[in-house]
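>>> Next input, structure requested:
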Amino acid sequence: MDAIIINGTQKLPTVNFDASIGKIEIKGKSIPEDSIKFYKPLVSWIAQYRSNPQKITEVHVQLEYFNTATSKCLTDVFKEIEAMYKDGNEVLFNWYYNDEYIMEAGEDYQSFIKIPFKMIAVAE
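Model (predicted):
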């Protein structure tokens, strides 16, 4: 399964999805022109990875800022990861935050995505 590697820009997050090591990482800012177009391949990748995941999958989400459209797309990404977790696979989910807005967003996701989150404060 091919990795997805996207170098971040001012509007797009850095993405590193690597099935060979069980890593799902989204980092930076996410304010794409078309959030669905950007995130749909990521959701599809996770759905495919779900059929043959590594023993442990590490998820790292470290967003500095994201818009409302991204928020909905992240829900789709996280629901797919939640399904993998519910299938009995081990998922380590790390939500990094550097301000109250991002911390509260992580808490909101934690309230309805049934995966244990580790909330990690990082320096701005």
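>>> Every contact and neighbour count from this point should use C-alpha atoms.
Noted.
>>> who does the longest helix anywhere in the chain touch, helix- and strand-wise?
Ranked by residue count, the top helix of the chain under DSSP state H comes out as helix 68-86. Packing contacts for helix 68-86, counted by 3 or more Cα pairs under 8 Å, 6 or more residues apart in numbering; DSSP states H and E, involve helix 35-50.
>>> Toward the C-terminus, what is the element adjacent to the helix it packs on?
Counting by DSSP states H and E, the next helix or strand C-terminal to helix 35-50 is strand 56-66.
>>> Give me the buried positions along stretch 62-73.
For stretch 62-73, a neighbour-count test (16 or more other Cα atoms under 10 Å) marks Q62, L63, E64, Y65, F66, T70, S71, C73 as buried.
>>> Mind checking what secondary structure G88 has?
coil (DSSP: H, G, I helix; E, B strand; the rest coil).
>>> neighbours of it, just the number please.
G88: 8 surrounding residues under other Cα atoms under 10 Å.
>>> So what's the residue count around S30?
Residues near S30, counting by other Cα under 10 Å: 25.
>>> scratch that, L42
For L42, using other Cα under 10 Å, the count is 21.
>>> Thank you kindly, that will do.
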